[in-house]
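Asks: just to be clear, the model below is a prediction. Sequence and coordinates:
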Amino acid sequence: MAADLSTLRTSLTELLGDKLSSTEERLGELTLVVTAAGMLDALTRLRDASGFEQMIDLCGVDYSTYGDGAWEGRRFAIVYHLLSVKHNVRLRVRIFAEDDDFPMLESVADIWSCANWYEREAFDLYGIVFTGHPDLRRLLTDYGFVGNPFRKDFPLSGHVEMRYDPEQQRVVYQPVSIEPREVTPRIVREENYGCN
């Protein structure tokens, strides 16, 4: 398999040229890092010229605390998982958003139509905006939800909770009614636990 990956790496490096930032071969899989400026052209070439006709997944990543905070580089990325049925090979393509404060990439819904909901999910959970998306709105959280829950700086507990009120027949927000607490295992909390 290593020889096949080396051949694939060489051919894709020639195909993508200056749109390719780096390549990495790890755990029997090839990962390409493509520049944000050339992403649409690169992904179209991968689909048309290299036979990666299927995008099987798209996910957002927040690298702010990656490697115990030793990460140096852009914070947000989108990782595309591509499949070539013809060549029986998978490929991972990572594209970093240029702006950490307002991450934005181009939509690939015109290249692979299945990207529509994946991009909505990344927008909802990470706050990554996809320009040119046909219907970019929240997918998993409530429309009035504030923030992006998969960002590493998102608070673990909030100050309001949401519940359905049967009398009003709608969802209502109210202050959190549970006091925050630290859960410590019983054997740590009680010094004489288990001793006779």
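Replies: Received it, and whenever you're ready, just let me know what you need.

Asks: show me which residues of stretch 134-143 are buried.
Replies: Residues 136, 139 are the ones in stretch 134-143 that count as buried (16 or more other Cβ atoms under 10 Å). Every C-beta, even on glycine, is put in place using the N, C-alpha and C of the backbone.

Asks: now do the same end-to-end measure for it.
Replies: 18 Å (Cα to Cα, to the nearest Å).

Asks: who touches the residue most central in space within the chain in this structure?
Replies: For the chain, the residue nearest the mean C-alpha position is residue 60 (1.1 Å; Cα atoms, centre = their mean). Contact analysis of residue 60 by Cβ atoms under 8 Å, 6 or more residues apart in numbering lists 76, 77, 78, 79, 121, 122, 125, 126, 128, 150.

Asks: in the longest helix seen in the chain, what's buried?
Replies: Longest helix of the chain, by residue count under DSSP state H: helix 2-16. If you call a residue buried by 16+ other Cβ under 10 Å, then helix 2-16 has these buried ones: 5, 8, 12, 16.

Asks: mean confidence (pLDDT) on it, please.
Replies: Mean per-residue pLDDT for helix 2-16: 85.

Asks: adding secondary structure, neighbour count and distance to residue 52, write the contacts of residue 60 out as JSON lines.
Replies: JSON lines is the format used below for the contacts of residue 60 (DSSP: H, G, I helix; E, B strand; the rest coil; neighbours: other Cβ atoms under 10 Å; distance: Cβ to Cβ, whole Å):
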{"residue": "76", "secondary structure": "strand", "neighbour count": "24", "distance to residue 52": "23"}
{"residue": "77", "secondary structure": "strand", "neighbour count": "21", "distance to residue 52": "19"}
{"residue": "78", "secondary structure": "strand", "neighbour count": "25", "distance to residue 52": "16"}
{"residue": "79", "secondary structure": "strand", "neighbour count": "16", "distance to residue 52": "14"}
{"residue": "121", "secondary structure": "helix", "neighbour count": "18", "distance to residue 52": "21"}
{"residue": "122", "secondary structure": "helix", "neighbour count": "26", "distance to residue 52": "20"}
{"residue": "125", "secondary structure": "helix", "neighbour count": "21", "distance to residue 52": "25"}
{"residue": "126", "secondary structure": "helix", "neighbour count": "23", "distance to residue 52": "24"}
{"residue": "128", "secondary structure": "coil", "neighbour count": "22", "distance to residue 52": "22"}
{"residue": "150", "secondary structure": "coil", "neighbour count": "17", "distance to residue 52": "26"}
